[in-house]
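Trainee: With the input below, show me the fold.
(2 chains)
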Amino acid sequence: MLAPHGLRMPVWMALGCLAIGAFTLARIQGHVKLPSKWVAIAAVFLGWGLLWQEYGSPMAVEFWVDLLLFMYTAKLLELDSKRDVSQIMLLSFFVAMTHFLFDESMLQTIMTFSGLVMVMATLIALHASATQAQGRQPLKLAGLAFLQAVPLLVILFVFFPRLSPFWTIPLERETAVTGLSDRLMLGDIHTLVQSDALAFRVNFNAQPPASRDLYWRTLVLSEISDGGWAVGSPPAPRPNTNILIPNEVIDYELLSQPMRVPFIPSLDRVLSVEGDSVSLDPLGFVRSKRVLQTVSQFQMQSALNALDAADLSKVERTAYLALPARTNPLAQAYGAALAERHPTLEARIQAVLAWYFDDFTYTLNPGPSEGDSIDHFLFEAQRGFCEHFAASFTWVMRAAGVPARVVLGYQGGAYNPSGNYIEVRQFDAHAWSEVWVQGEGWRRVDPTAFVAPERIEAGMGAAAAGMDGLMTGKAWEYFQMQSLGWLFGLQLQLQALGHLWDRIIVNYDQAQQLRWLTTVWPGLELKDLAPLALAAFLLGLAVITAGLVASPFRRGLSREARWYRGYLNCLDGVVPDQMSRGSGIARCQEIWQSARPTEAALASDFVEKFESLLYQEDQSVTPSSISKALLVLKVKLAWMRFTAWR
Amino acid sequence: MSWRSIDWSQRAEKFRTARFKSWLDRRVPPAQTIRLSHRNIFIVPTRQGFGFVLILLLILIAGINYQNALAHALAFLMLGLFLVAMLQTHRNLAGLVLSQTVPNEGVVGQKVSVAFQVQSEVGRIHDGLSFFWPTHPVFQSFRVDRHGATIYRHTIPEHRGWYQPGRVRLETVYPFGLFRAWSWLDFDSKILSYPKPVPCDNLLRQEDSEPNEGLRSSIGTDEVKALRDFQDGDDQRHIHWRASAKLDRLMVKSYESRHSVSQWLRLEAMHGLPMADRLGGLVYLIAAASERGDAFGLDLKGQQLPIASGPGQERKALKRIALFDWPGY
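Mentor: Predicted structure coming up:
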């Protein structure tokens, strides 16, 4: 049960647990004796001390989880009685739960549940009479019990009302999440594209847009500080001044991995978003209340190529034109000259982009930047990456008097045909610019598209392929993988399965629950859920009970035998004496008549019908009338017993 | 390595009040053959079972708190397993048919072995069963398959007469130890238990000196039937002096010849002793006489068993003593 934690927990602890496990195995084989109580206590205190050292504070969940795991393992040291074994087995369930706190993948679930089957098999072996070697029998029985429990699991999982958290302990992850940050220093994205970590996956309700149109806007960087771009605090646009003229509306479902920033990627102009504690930023971005810690799902609606007929307020205009004084003087001068040379906004944009197209090189190895980084890039190196282009373009635009900002996000993504979704990984991270065009709103300008069109048209893989050897790390391995034909196909299928798992199982929350159930029962409300869950659960339980308890008695019995057994069951309460029973139904009826004359009439009614069908082949007696007579008798007896009990 | 066993719940005894017993007599009436079904099986979670539920709730709370779908699923799985465990444990007893095969007799204070026949009516394997009288718990579990099983358990009669050993407990925690299903079975059985023999050789000798009222009032045994060599321990009064002088060695008169000795064993003869000891003494004497093959008669305050010999006579006599002054006889 500990294995899934093995790589996460501190090394000394993994080794310690292995040692205790090996020791216990040796003890079961009879090589060593149970250690004294003091050895066990010393080991436990040593473990506590080391854990305290490791985490420093008792606030992290890891601390408690590892403490639990350690105690769980240490319990092996005092394993002596059946009760100890039972306790360990029960604790295993709790340990299983801790697995899911860190990893909710399908593989993890399969591993954990298989482990629990083993646990149940151990319990069976423990409680069976140990007269012979049991072989696989306990495992088979445990598997069977699981199969019987699974229908209840499914029913409860679907119907059980999802409650909101009672309180929250922040789940502090040890491993840093890779992803966008809320600042852009030159070189940041460059490190990001080395990673093949999954960022998010998106299912479209209709045909997904082409890769070149997929600009996943995540953050707006509108302030320049310390030589980089930052989110800052841009002025909000005046409310209700945005007059959107939507062009094309698309609905999609985005399943995001944990992020570093409390922003969720979205396409173009977001019209609406549904999900756990997310809201629409006035700037048109999706914000979440806190940084995503787990895989989370969002329903979104976006307008593509929408036009915004509103005006930019004076405050906004000032903010989007602000440049720090006395930095990058060459770029400032270039911007001023640009404004003089080209009176129109379109011409200014085209002039800069043409310059980029002629003189600049797109590379993943831009080399170190020196001094004023924008000046250095524009007039010396002229080799760079999307972040260089976006940052310098925005700078120049502002210098030329055009309100502009940098947008951080992801571009493109790989379409997975097995799962019909688009998958975006960290190496798809991208930066581009937005400039304000009167009458049109914020227009996306991606200078990278002019320097390296293949990056935008075909994605990062194609761009990297053209620059062999420039890309390193995991991302490079990932692209190498793509050339491996069937293996890549298999991987795609596995990924699709994992995505389906994340969407359906891991993200099954209240909203989704309601969405699903209302497709079956339109008009269902949250308050109906609890009674519905209870009813479904009881129904499931009844079916399983019938399957487990009733069937062995009934299986393979003829109709007549069932009737006879039913009659004998009724007799149990009236004629308990087995000897009298042996002398036949007639004698039983006599006893019954003398003991309880009221019910005896009903009983004899049944007996007469039964016998006339069985021995005289009387056509007037139908099988259903016999069943009915027996049922009446049973009900009467049950009522009698109930009143007697009262 | 062997595990220490999980004890059965001794607390159950506390609830065995008279009222509970009478309820139980109605619920699970005494019968010679008992078929286990929902009617006579009781089932309650074990301590481990309650622990299981506690862990289940903790997992559910954690699942809600961290909004973790799989923790929810795990909690639901556990609930499912818990209920399946209940059904499985119940199923492990249901369908068993038990009977007590041999009518028994025994001696007060000594172990009596009782045989029980256990069959499975449904042809299932029932594992991890334990079966015992609460006064003599036996935790060794057994299993019953298609062919059934015979189980021997012992009890110790506490008094003379018809001893009812009380209800037998059949219990199981199989398969998962989360539930304990049990039944209290009354096979309507009685053990004819005899008083414990009390050696009374000395007593015998004193009584012997009183010719008419003696325990060992001989009929025609004054005549010497045979002579034999003196052995250490022989009564000096029995030495046949004349023959000894003639043969130049000590000869004793022998009274112990077969079929020649018969006696009346009388309860009144042992006055001055508690009733239990008097009856015990009689048992001892009967056993001794039977072993010698002597004929004897029994006189219990006027209830007389005519003089006879053989195993049948011994059985009759012992039964009379066991049931002497027994209510209903």
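
Trainee: Can you name the next helix or strand after the helix or strand bottoming out on mean pLDDT in chain A?
Mentor: When each helix and strand of chain A is scored by mean pLDDT, DSSP states H and E, helix A:551-554 comes last, with a mean of 50. Using DSSP states H and E, the helix or strand that follows helix A:551-554 in sequence is helix A:559-574.

Trainee: Point out where the stretch 151-300 of chain A drops to low pLDDT.
Mentor: Scanning the stretch 151-300 of chain A for pLDDT under 70 picks out the ranges A:167-178, A:187-188, A:190-191, A:227, A:237-247.

Trainee: what ranges do the helices span in the stretch 151-300 of chain B?
Mentor: B:201-208, B:241-247, B:275-292 (DSSP state H, counting those that start in this stretch).

Trainee: how far is the shortest one from where the chain is centred?
Mentor: Its chain's C-alpha centre and that of helix B:241-247 lie 54 Å apart, by Cα atoms, centre = their mean, to the nearest Å.

Trainee: Return the list of helices and strands in contact with it.
Mentor: The helices and strands touching helix B:241-247, judged by 3 or more Cβ pairs under 8 Å, 6 or more residues apart in numbering or on different chains; DSSP states H and E, number zero. (C-beta placed from N, C-alpha, C; glycine too.)

Trainee: So what's the model's average confidence on it?
Mentor: Here helix B:241-247 scores 74 as its mean pLDDT.

Trainee: Show me which parts of it are buried, residue by residue.
Mentor: Neighbour-count burial for helix B:241-247, counted by 16 or more other Cβ atoms under 10 Å in any protein chain shown, picks out B:S244.

Trainee: what mean pLDDT does the host helix or strand of A:A42 have?
Mentor: Element membership of A:A42, judged by DSSP H and E, is helix A:37-55. For helix A:37-55, mean pLDDT is 71.

Trainee: sorry, back to before: most packed of the helices of the stretch 151-300 of chain B?
Mentor: Ranked by mean neighbour count, those are led by helix B:275-292 with a mean of 20 (mean count of other Cβ atoms under 10 Å in any protein chain shown).

Trainee: contacts for that helix?
Mentor: Contact partners of helix B:275-292, identified using Cβ atoms under 8 Å, 6 or more residues apart in numbering or on different chains, comprise B:160, B:194-200, B:203-204, B:215, B:256, B:261, B:263, B:265, B:267, B:270, B:273, B:295-296, B:298, B:309, B:311, B:313-314, B:317-318, B:321, B:324.

Trainee: CA atoms only for that helix, dumped as PDB, please.
Mentor: Output of helix B:275-292 as PDB, limited to C-alpha atoms (Å, rounded to 0.1, in the frame of the first residue of the first chain):
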ATOM      1  CA  MET B 275     -27.000 -36.500  50.700                       C
ATOM      2  CA  ALA B 276     -24.500 -35.900  47.900                       C
ATOM      3  CA  ASP B 277     -21.900 -38.100  49.600                       C
ATOM      4  CA  ARG B 278     -24.400 -40.800  50.400                       C
ATOM      5  CA  LEU B 279     -25.400 -41.000  46.700                       C
ATOM      6  CA  GLY B 280     -21.800 -40.700  45.600                       C
ATOM      7  CA  GLY B 281     -21.000 -43.600  48.000                       C
ATOM      8  CA  LEU B 282     -23.700 -45.700  46.400                       C
ATOM      9  CA  VAL B 283     -22.400 -45.000  42.900                       C
ATOM     10  CA  TYR B 284     -19.000 -46.100  44.100                       C
ATOM     11  CA  LEU B 285     -20.300 -49.300  45.500                       C
ATOM     12  CA  ILE B 286     -22.400 -50.100  42.500                       C
ATOM     13  CA  ALA B 287     -19.400 -49.500  40.200                       C
ATOM     14  CA  ALA B 288     -17.300 -51.700  42.500                       C
ATOM     15  CA  ALA B 289     -19.900 -54.500  42.600                       C
ATOM     16  CA  SER B 290     -20.400 -54.400  38.900                       C
ATOM     17  CA  GLU B 291     -16.700 -54.700  38.300                       C
ATOM     18  CA  ARG B 292     -16.600 -57.800  40.500                       C
END
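
Trainee: And it, how far out from the chain middle?
Mentor: Centroid displacement of helix B:275-292 relative to its chain, using Cα atoms, centre = their mean, is 21 Å.

Trainee: do the same with stretch A:304-314
Mentor: For stretch A:304-314, the distance to the chain centre is 37 Å (Cα atoms, centre = their mean).

Trainee: and that stretch, which residues are buried?
Mentor: Applying 16+ other Cβ under 10 Å to stretch A:304-314 flags A:A306, A:L307, A:D308, A:A310, A:L312 as buried.

Trainee: Keep only those residues that also lie close to chain B.
Mentor: The overlap between the buried residues of stretch A:304-314 and the neighbours of chain B (Cβ under 8 Å from any Cβ of the partner chain) is empty.

Trainee: With secondary structure and pLDDT as extra columns, can I get the residues you listed in JSON lines?
Mentor: What follows is those, written out as JSON lines (DSSP: H, G, I helix; E, B strand; the rest coil; pLDDT from 0 to 100):
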{"residue": "A:A306", "secondary structure": "coil", "pLDDT": "73"}
{"residue": "A:L307", "secondary structure": "strand", "pLDDT": "74"}
{"residue": "A:D308", "secondary structure": "strand", "pLDDT": "73"}
{"residue": "A:A310", "secondary structure": "coil", "pLDDT": "72"}
{"residue": "A:L312", "secondary structure": "coil", "pLDDT": "79"}
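
Trainee: which among the residues you listed gets closest to A:G412?
Mentor: Taking Cβ to Cβ as the measure, A:G412 sits nearest to A:A306 out of the buried residues of stretch A:304-314, at 20.7 Å.

Trainee: That closest one - nearest residue in space that isn't next to it in sequence?
Mentor: A:R269 (4.5 Å; Cβ to Cβ, 6 or more residues apart in numbering or on different chains).

Trainee: distance of that neighbour from A:R217?
Mentor: 9 Å (Cβ to Cβ, to the nearest Å).

Trainee: Now the common contact residues for the two.
Mentor: Residues touching both A:R269 and A:R217 (Cβ under 8 Å, 6+ apart) are A:G284.

Trainee: Between these two, tell me which one has more neighbours.
Mentor: With neighbours defined as other Cβ atoms under 10 Å in any protein chain shown, A:R269 and A:R217 compare such that A:R217 has more, 26 against 22.

Trainee: picking that back up, quick one: buried ones out of the contacts of helix B:275-292?
Mentor: Neighbour-count burial (16+ other Cβ under 10 Å) applied to the contacts of helix B:275-292 gives B:160, B:194-198, B:200, B:203-204, B:215, B:261, B:263, B:265, B:267, B:270, B:295-296, B:298, B:309, B:313-314, B:317-318, B:321, B:324.

Trainee: what kind of secondary structure is the residue in the stretch 1-150 of chain B that chain A sits nearest to in?
Mentor: In the stretch 1-150 of chain B, the residue that lies nearest chain A is B:G80 (3.1 Å; Cβ to the nearest Cβ). Following DSSP: H, G, I helix; E, B strand; the rest coil, we place B:G80 in the helix state.

Trainee: what's near enough to touch the closest residue to it other than its chain neighbours?
Mentor: Leaving aside its sequence neighbours, B:G80 sits nearest to A:A149 (Cβ to Cβ, 6+ apart; 3.1 Å). By Cβ under 8 Å, 6+ apart, the residues touching A:A149 are B:L77, B:G80, B:L81, B:L83, B:V84.
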